[in-house]
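*Asks:* Show me the folded form of this:
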Amino acid sequence: MGVTTAVCASAVGALVAFSVRGIPAEDDSHGRLVVLFLFGLGALGALFAASPVPGVGEVRTFKAAVPLNDPEAVLPSGNAPVRRRLFSWPFLLMLLVPSLIAALFWSPWAALYPLPLSVEWLTRACVAARWERRHGLLLWRGAVAEQPLGKGQLLYTSVRPG
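*Replies:* From the prediction side, this is the model:
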């Protein structure tokens, strides 16, 4: 959900900011430097997420996952649940409004502030997909009525239920 929403927020914000304020000149480097700094922070977070070092990377939380008792309780029916989770209007507004205000009053480059967030999110998704493929399991994050979770705890199921 976060990546598609961040990309959409950056695209809409850039369209509005560059239309209203124009494309920034070469002397407007402050906004560009802040965007590059945020990309650097996103890349640093991505390195930590993908780190094989125990206790640092995301893999530690995957190893703490517990088996799901009833896989049929969480399996999606069709593609409808997946489509609903790809985009979130409230999250779009949460990303778009502050970056658009900064873009209109400070630097048009600020419209791209949501974009660096997607670097870390995409890396975390790749790390999770790689772990699932290596172990032949599917990770589930969420509430299952029959099996209450602790905060942030993961469940796993077999790739082929049943």
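
*Asks:* going forward, measure contacts between C-alpha atoms and count neighbours the same way
*Replies:* Will do.

*Asks:* Now do residue 3 against residue 92, distance only.
*Replies:* Taking Cα to Cα, to the nearest Å as the measure, residue 3 falls 10 Å from residue 92.

*Asks:* low-scoring stretches of this protein, by residue?
*Replies:* Applying pLDDT under 70 to the chain flags residues 1, 26-28, 54-55, 60, 70-85, 141-153, 158-162.

*Asks:* all helices for it, in order.
*Replies:* Assigned by DSSP state H, the chain shows helices spanning 2-21, 30-50, 59-63, 80-85, 89-105, 117-135.

*Asks:* I'd like to know which elements the shortest one is packed against.
*Replies:* If I follow you right, that is helix 59-63. Packing partners of helix 59-63 (3 or more Cα pairs under 8 Å, 6 or more residues apart in numbering; DSSP states H and E): helix 117-135.

*Asks:* Let's see that with 6 Å instead.
*Replies:* Contacting helix 59-63 under the criterion 3 or more Cα pairs under 6 Å, 6 or more residues apart in numbering; DSSP states H and E is no other helix or strand.

*Asks:* Give me the buried positions along it.
*Replies:* Neighbour-count burial for helix 59-63 flags 59, 62 (criterion: 16 or more other Cα atoms under 10 Å).

*Asks:* And stretch 127-138, by the same measure?
*Replies:* Neighbour counts over stretch 127-138 (16+ other Cα under 10 Å) mark 127-128, 131-132, 137-138 as buried.

*Asks:* for stretch 52-71, same thing?
*Replies:* Quick answer for stretch 52-71 (16+ other Cα under 10 Å): 57-59, 62, 65, 67-68, 71.

*Asks:* Okay, and which of the residues you listed map to strands?
*Replies:* residue 67 (DSSP state E).
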